[in-house]
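> Here is a sequence with its predicted model. Questions after.
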Amino acid sequence: MKFEEKEFTLKDGRKCVLKPTSPEYAAEMIEYMKKTPEETPYLLRYPDEVNFTLESEQEILGRLYEDPYSIMMVPIVDGKVAGNGSINGIGTKRKIVHRCSLAIALYKEYWGLGIGKAMIDYMTELAAKIGWKQVDLEVVAENERAQALYKKCGFVETGRRHNALRFDDGTCHDEILMYKEL
């Protein structure tokens, strides 16, 4: 989705610009998908599961950039990609068309600067303009930092999916289900 860029000041005084994730960011997105899972165990993929080519990632990002019902956003700090966030519809059936799903991750060096909250606030604002009425998300039960951020942004816990994730070490982890009405 094409949307207006938004600039704000980080807690450390630097500027951050929230921009649509267009095909020009394909190389940075591939790097992001490989590096962020090394920095936290709470993401859905492992670095070795990222096998996009530059061309395939450009194609995906181009499709999402042109899709008026897909929000994908990059925060830019000092000219660098600091993370990524997205909101996509759950499905097209009439019973669920009012819902969308949020995902977000930042490089660890940008945690605690206000980027996550700004991204979530802006993405949910855009989601409401699209016409969605509810944003859903899942978060690993042990990821208390993310849960606190989501609650700060107005999300409430609605349940738990037991043993939703099986890590490579064999341990299972629950997901907390959360939502926010728009």
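That came in fine, so what should we check first?

> For burial, what's the neighbour tally of Val140?
20 (other Cβ atoms under 10 Å). All C-beta atoms are positioned from the backbone trio N, CA, C, and that covers glycine.

> beta partners of it?
Applying DSSP bridges to Val140 gives these bridge partners: Glu175.

> pLDDT score for it?
Note for Val140: predicted pLDDT of 98.

> who's in contact with it?
Val140 is in contact with 41-42, 146, 165, 173-176, counting by Cβ atoms under 8 Å, 6 or more residues apart in numbering.

> repeat that for 7 Å
Val140 makes contact with 42, 165, 173, 175 under the criterion Cβ atoms under 7 Å, 6 or more residues apart in numbering.

> again, but for His173
Residues in contact with His173 (Cβ under 7 Å, 6+ apart) are 140-142, 164-165, 167.

> gap between it and Leu126?
From His173 over to Leu126 the distance is 30 Å, taken as Cβ to Cβ, to the nearest Å.

> Asp67: how many residues sit nearby?
Neighbours around Asp67, by other Cβ under 10 Å: 14.

> Can you show me the strands along this protein?
6-9, 15-20, 70-77, 80-81, 83-89, 99-106, 134-140, 156-166, 172-181 (DSSP state E).

> The shortest one pairs with which strands, parallel or anti?
Put plainly, it is strand 80-81. Paired neighbours of strand 80-81 in the sheet (DSSP bridges): strand 70-77 (antiparallel).

> quick check: angle from the partner strand to strand 83-89?
Interaxial angle, strand 70-77 versus strand 83-89 (axes from the mean of the first three to the mean of the last three Cα atoms, to 10 degrees): 170 degrees.

> who touches strand 70-77?
Counting by Cβ under 7 Å, 6+ apart, 1, 10, 14, 16-21, 25, 64, 81-88, 110, 115, 119, 123, 126-127 sit against strand 70-77.

> That one to strand 15-20, inter-axis angle?
Using the same axes, to 10 degrees: strand 70-77 against strand 15-20 is 160 degrees.

> State the mean pLDDT of strand 70-77.
For strand 70-77, mean pLDDT rounds to 98.

> ditto for stretch 31-46
The model assigns stretch 31-46 a mean pLDDT of 97.

> Likewise for stretch 53-61?
Here the average pLDDT along stretch 53-61 is 98.

> Spatially, what comes nearest to the residue nearest the centre of the chain if we skip its sequence neighbours?
By Cα atoms, centre = their mean, the chain has its centre lying nearest to Ile104, at 2.1 Å. Spatial nearest neighbour of Ile104, excluding adjacent residues (Cβ to Cβ, 6 or more residues apart in numbering): Gly85 at 3.9 Å.
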